[in-house]
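Asker: only the shape, not the letters, is given here:
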């Protein structure tokens, strides 16, 4: 090929690709088939963990935005379609190193039972595959869409909950200050047994109301959404690097400010006597409305940066403009038969023919598959991923690993606990809505959202053998069932009471002898933690005990950390087919004496636990089942 002809061909891609006359090298038939084959191998390797991730998106509201993230990534790629058409594919061996590192990270995280590490290794593997087969010119265009997938991966629950808790506390405290400035009497406190951060406030009619600042109001959802939005805006907008960094970093203060605004609006609705407009769908809609002030803040920040910094017209821009003008054919050239590409019309057909030949033949011809088989980089990458998939899937099958857990439902409703247990009898109350006498309290919708389960028991028992002043035992049972939430142990008293404004002053354990638990000596270890604070209903300071224990996969625990370790242990993580977790708590509204409360708890638990054993799942039966 002569030098002049090569120059003519190099001038054509932009012109011809834009008009669809040729197919660029990266999207040639051969490369399209390569992408499909590699995508199939990638899914074969990771389909079980991807299924777990989709379950998280579906079941966890905090991560429901995960469904949108892949769509954003596709949009990013589509917005750079013209650049990808012109890019030169040149394999880079450095991508092979990233592929091996990604696979090693996935294998290590798998055996360490760390799903987050597996997902990070998955993204690293994808990055390495693109770099290896496409080269640095391709990765410069698609690195942001690939790394953007991190926003779809749920971080470890312990880290997420700890950060969300701090944001939750800040949102509540800051909202109290703002409400007080607005003249609304409010205070951050709570009642005995509250399981969430609470703002106590008085409405316009003088009635005290409880505003629950849930984890959904912590700002973490907004932070993740606004973080993804900031990256998207900075990536798609034509701005200097420092301005893009400012937009991304601003996601944190914007999320905090918008979340504070959301809680304050909710407090105002409570003050005006319209709490129904601050719950359920209305509350969710309020969160969506926060996108409006967030967008205005981003626009204002971008406008401010444009006003503060004046970009000078650089020599590089002037040179680029001159080159662009030089590429345009002059009037004399056009009159002599030159096209817009700078080539004579008579030459275009020959050049076009050769460009098509270089781009690859159509599917169905033998040339396409010869190109695929002849690409050593592609074959090596495909073989490596398929081997990794074979080893992983073979290990899972041979070792009978169950990554996706089945729910272990209770054998009977928790409310089937008998209303009379020895000298204890359930206290009935009149339902304000139905007017009927009931023994089980039905929690409001926002409380159920906080519990993250609709399987619960909230009931009062009265012991006829105890004096009237010490007659009430409040029994609250929280049972939550997991498929892929081994790290999540929610609503432990130490955290919930602190969120409600109380301070833990002590903790001890005692044993209760109950037959049928399958424990050494039939003795169950129960924890009694003492908390102190101000009861917002009476305004009086008090110290009170909360007695509780946990049940998880047929085992009993007095410490939530041991529950988390048990559910994340190799046996539960790899081989158990089912997984569940439950919480049993006793509180004593009319007694502050810890010794008397413990004595009453021992008496009650000896009667209640045999009944609860018949309600909770039979773990031995589940373990032997299909």
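Answerer: Perfect, I can see it now. This is a predicted model, so every value here is computed, not measured.
Asker: can you tell me the helix or strand for residue 72?
Answerer: Following DSSP states H and E, one finds residue 72 within helix 69-79.
Asker: same check on residue 121?
Answerer: In the assignment (DSSP H and E), residue 121 maps to helix 115-134.
Asker: and that helix, average pLDDT?
Answerer: Mean per-residue pLDDT for helix 115-134: 94.
Asker: and stretch 204-223, by the same measure?
Answerer: pLDDT averaged over stretch 204-223 gives 63.
Asker: figure out the length between the terminal residues of that stretch.
Answerer: End-to-end distance for stretch 204-223: 33 Å, by Cα to Cα, to the nearest Å.
Asker: any buried residues in stretch 520-534, and which?
Answerer: Residues 524, 526-531, 533-534 are the ones in stretch 520-534 that count as buried (16 or more other Cβ atoms under 10 Å). (Glycine included, C-beta is placed from N, CA and C.)
Asker: to clarify, my last question referred to stretch 136-152.
Answerer: The neighbour-count check on stretch 136-152 (16+ other Cβ under 10 Å) flags 137-139, 141-142, 144-146, 148-149, 151-152 as buried.
Asker: reformat those residues as TSV; add secondary structure and distance to residue 389.
Answerer: Listed next are the buried residues of stretch 136-152 as TSV, based on DSSP: H, G, I helix; E, B strand; the rest coil; distance: Cβ to Cβ, whole Å:
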residue	secondary structure	distance to residue 389
137	helix	29
138	helix	24
139	helix	23
141	helix	28
142	helix	23
144	helix	27
145	helix	24
146	helix	20
148	helix	25
149	helix	19
151	helix	26
152	helix	21
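Asker: rewinding a little: what's the helix holding residue 72 in contact with?
Answerer: Residues from elsewhere that reach helix 69-79 (Cβ atoms under 8 Å, 6 or more residues apart in numbering): 84, 142, 144-146, 148-149, 151-152, 228, 232, 235-236.
Asker: and these, which is closest to residue 572?
Answerer: The shortest approach to residue 572 among those belongs to residue 152, at 25.7 Å (Cβ to Cβ).
Asker: who are the neighbours in contact with the closest one?
Answerer: Residues counted as contacts of residue 152 (Cβ under 8 Å, 6+ apart) are 53, 57, 63, 65-66, 69-70.
Asker: whichever of these end up buried, select them in PyMOL.
Answerer: Only the buried entries of those go into this PyMOL selection, using 16+ other Cβ under 10 Å:
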select buried, resi 53+57+63+65+66+69
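Asker: now flag whichever of the contacts of residue 152 is closest to residue 401.
Answerer: Scanning the contacts of residue 152 for proximity to residue 401, where the rule is Cβ to Cβ, the winner is residue 53, at 17.2 Å.
Asker: which secondary structure element is home to the closest one?
Answerer: Per DSSP H and E: helix 29-59 holds residue 53.
Asker: which strands and helices lie in contact with that helix?
Answerer: helix 115-134, helix 366-374, helix 376-398 (3 or more Cβ pairs under 8 Å, 6 or more residues apart in numbering; DSSP states H and E).
Asker: that one - what's its average pLDDT?
Answerer: Here the average pLDDT along helix 29-59 is 88.
Asker: ok and that helix relative to helix 366-374, angle-wise?
Answerer: 70 degrees (axes from the mean of the first three to the mean of the last three Cα atoms, to 10 degrees).
Asker: let me know the angle separating helix 29-59 from helix 69-79.
Answerer: Interaxial angle of helix 29-59 relative to helix 69-79 (the same axes, to 10 degrees): 150 degrees.
Asker: test my guess that residue 259 contacts residue 293.
Answerer: No - counting by Cβ atoms under 8 Å, residue 259 does not reach residue 293; the two are 10.8 Å apart.
Asker: which of those two has more neighbours?
Answerer: Of the pair residue 259 and residue 293, residue 259 is the one with more neighbours under other Cβ atoms under 10 Å, namely 27 against 14.
Asker: give me the phi and psi for the more buried one.
Answerer: Main-chain torsions, residue 259, degrees, to the nearest 10: phi -70, psi -40.
Asker: equivalent analysis for the one 10 residues further on, please.
Answerer: When read as degrees, to the nearest 10, the backbone of residue 269 gives phi -60, psi -40.
Asker: how near is the residue nearest to residue 421 when sequence neighbours are not counted to residue 424?
Answerer: Closest residue to residue 421 apart from its sequence neighbours, by Cβ to Cβ, 6 or more residues apart in numbering: residue 607 at 4.1 Å. Residue 607 sits 7 Å away from residue 424, going by Cβ to Cβ, to the nearest Å.
Asker: tell me which of these two has more neighbours.
Answerer: When neighbours are counted by other Cβ under 10 Å, residue 607 and residue 424 differ, and residue 424 comes out ahead with 24 against 16.
Asker: I'd say residue 254 and residue 299 touch.
Answerer: No - checked against Cβ under 8 Å, the pair residue 254 and residue 299 is beyond contact range at 11.6 Å.
Asker: of these two, which one has the most company?
Answerer: Shown here are residue 254 and residue 299; by other Cβ under 10 Å, residue 254 has more neighbours (24 against 11).
Asker: and that one, what does it touch?
Answerer: Residue 254 makes contact with 226, 230, 294, 297-298 under the criterion Cβ under 8 Å, 6+ apart.
Asker: per-domain residue ranges of this structure.
Answerer: Domain ranges of the chain: 21-154+369-401, 157-308, 406-624, per automatic domain parsing.
Asker: did I read that right, residue 204 in a strand?
Answerer: No - applying DSSP: H, G, I helix; E, B strand; the rest coil, one finds residue 204 to be coil, outside a strand.
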